[in-house]
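1. Pasting the sequence and the predicted model now:
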Amino acid sequence: MGQSNRTLLAALIGCLAGFALAAATLWLTRQGREPAGIPAGDARLMAEVIGLIHEDYVDKTDNHELMSNAIRGMVGELDPHSAFMDAEEFEDLRIATEGNYSGIGVEVTIDEANVLTVIAPLDGSPAARAGIRPGDAILSIDGRQLRNERLPEAIESIRGEPGTTVKLGIGREEVPRPLEFTIERAIVSVHSVRFEMLEPGFGYLRISQFSETTGADTEAAIRALAQQAGGRLRGLVLDLRNNPGGVLDAAVEVSDAFLEEGTIVSAEGRSDEARFRMEAMSGDLSKGTPIAVLVNEGSASAAEIVAGALRDNGRAKLLGQKTFGKGSVQTVMPLEDGQALKLTTSLYFTPSGVSIHERGLEPDLPLPEPAGDGHEEIRAAVAWLKTGNTALATAEAPPDGG
């Protein structure tokens, strides 16, 4: 292709890009937003690159796909939690917070070293049954080594039809060589609350993640446990271990269920909507029951909001290990054609004004990482609730917990 033809093609695409920028500016103005003011030189550069790819790349390309990839790259470079989602990905996100989906039941993120890392496997999921742990590094998927992987593409590769399998290559700190896990996909349930009486007067409430039903399910669980205890609990173990987070409003509802008053969480961002403060309303459903909150390195985001809110308001102590440290809030913004933008819009702060972003919450009572099913931590929490003495927290309680 001659240089003059290339120049003409770039000019034509530049005109189209100009029209697109003008349309975008008009749309932003109608939405009450200020246009970004993209420099004309950057628009021409983008048009020139698209033109060269369109004409000279070894395989035929689709301009729509090129633009989608450009948007993905632009958003994905902001931080590990922001993402552009096509209609299918947006629907998957909606299902994951409302109902069920097909996969292995693992929450992942891209860490600061650009490694795909497990936040936590969901309770009872194929990943949990296979032995996947918080902090595991996913090095390969079905034999494909991961290098600079985008989070949406990684999640899409892990999910699939029920009954099919996915092979994960896993790096684990204490293991010198990568491990291999072949996991069969299944329908993963998002219902996240379960409860039981550990012994007379002492209840156990497990929240595996925060979905849109978690707040109501937690309130129902508190009432049921109080009724089983004859009207009021003597103590409650709130288990947030390996809880990767989820819906912010659900975390606020859960916190509010245990508080009479006080700040739950505050957030700071650039827009008016990104700056907020959530306050508790009167009505502690647990009637002041002492609470031991179990946390670990898989406790992240919304789980950390609940843990911080209850501790800072004097309603609970944290037992276990330091939490993950995800202190940012993502807002999902619907776009045209069923697509969406998941954008980090705020950093949140615990009631005492502390940001846990990339630092996590330190437990009041550190416990060694459990070697087995974690029941020993539950027994330690019950012992602490009985005595209030941290020195006796590792004492044995009746072994019927968990």
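-> Great, that's in hand. Everything numeric in this text was worked out from a predicted model, so none of it was measured.

2. so what are the domain limits for the chain?
-> The record's domain parsing of the chain by automatic domain parsing lists 3-61, 100-189, 193-392.

3. in the stretch 151-300 of the chain, what spans have low per-residue confidence?
-> Counting by pLDDT under 70, the stretch 151-300 of the chain has low-confidence residues at 190-191.

4. can you give me the strands for it?
-> Along the stretch 151-300 of the chain, the stretches classed as strands by DSSP state E, counting those that start in this stretch are 165-171, 179-184, 186-189, 193-199, 202-207, 235-239, 263-269, 276-279, 291-295.

5. Redo these as CSV? Include mean neighbour count and distance to Ala128.
-> (Glycine included, C-beta is placed from N, CA and C.) Conversion of the strands of the stretch 151-300 of the chain to CSV gives the following (neighbours: other CB atoms under 10 Å; distance: least, CB to CB, whole Å):
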stretch, mean neighbour count, distance to Ala128
strand 165-171, 18, 13
strand 179-184, 15, 10
strand 186-189, 17, 10
strand 193-199, 18, 14
strand 202-207, 24, 13
strand 235-239, 25, 14
strand 263-269, 20, 28
strand 276-279, 15, 31
strand 291-295, 27, 16
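
6. out of those, nearest to Pro39?
-> Checking those against Pro39 by CB to CB gives strand 263-269 as the closest, at 25.2 Å.

7. Can you tell me what sits against the closest one?
-> Residues external to strand 263-269 that are found in contact with it (CB atoms under 8 Å, 6 or more residues apart in numbering): 248, 251-252, 255-256, 274-280, 305, 308-309, 312-313, 329, 345-351, 353.

8. if you look at those, which of them are in helices?
-> Secondary structure assignment (DSSP state H) places 248, 251-252, 255-256, 305, 308-309, 312 from the contacts of strand 263-269 within helices.

9. Only whichever of these are buried, select them in ChimeraX.
-> A single ChimeraX command suffices to select whichever of the ones in helices among the contacts of strand 263-269 are buried according to 16 or more other CB atoms under 10 Å:
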select :248,251,252,255,256,305,308,309,312
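
10. Any chance of TSV for the ones in helices among the contacts of strand 263-269, columns distance to Arg232?
-> Converted to TSV, those look like this (distance: CB to CB, whole Å):
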residue	distance to Arg232
Leu248	30
Ala251	25
Val252	24
Ser255	20
Asp256	19
Ile305	26
Gly308	26
Ala309	22
Asp312	24
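
11. Do you have the helices of the stretch 101-250 of the chain handy? List them.
-> With DSSP state H, counting those that start in this stretch as the criterion, the stretch 101-250 of the chain has helices at 126-130, 151-158, 214-228, 248-257.

12. so the longest one versus strand 235-239, what angle?
-> Okay, so that is helix 214-228. Put simply, helix 214-228 runs at 150 degrees to strand 235-239, going by axes from the mean of the first three to the mean of the last three CA atoms, to 10 degrees.

13. Which strands or helices does the longest strand that the chain contains pack on?
-> The strand spanning the most residues in the chain, taking DSSP state E as the definition, is strand 340-349. Contacts of strand 340-349 with other secondary structure elements, assessed using 3 or more CB pairs under 8 Å, 6 or more residues apart in numbering; DSSP states H and E, are made with strand 83-85, helix 87-98, strand 263-269, strand 328-334.

14. Apply 6 Å and report the result again.
-> strand 83-85, strand 263-269, strand 328-334 (3 or more CB pairs under 6 Å, 6 or more residues apart in numbering; DSSP states H and E).

15. what sits against Ala226?
-> Neighbouring residues of Ala226 by CB atoms under 6 Å, 6 or more residues apart in numbering: 232-233.

16. separation between it and Ala220?
-> According to CB to CB, to the nearest Å, Ala226 and Ala220 sit 11 Å apart.

17. what's the answer for Glu376, then?
-> 28 Å.

18. what about these two, which has more around it?
-> Set side by side, Glu376 and Ala220 show more neighbours around Glu376, with 19 against 14, by other CB atoms under 10 Å.

19. what pLDDT does that one get?
-> What the model reports as pLDDT for Glu376 is 92.

20. Phi, psi for it please.
-> Here the main-chain torsion angles of Glu376 (degrees, to the nearest 10) amount to phi -60, psi -30.

21. same question, the one 3 residues further on
-> Taking degrees, to the nearest 10, you get phi -60, psi -40 for the backbone angles of Arg379.

22. Show me what counts as buried in stretch 336-344.
-> Neighbour counts using 16+ other CB under 10 Å place 339-344 of stretch 336-344 among the buried residues.

23. winner for burial among the helices of the stretch 101-250 of the chain?
-> Ranked by mean neighbour count, those are led by helix 248-257 with a mean of 23 (mean count of other CB atoms under 10 Å).
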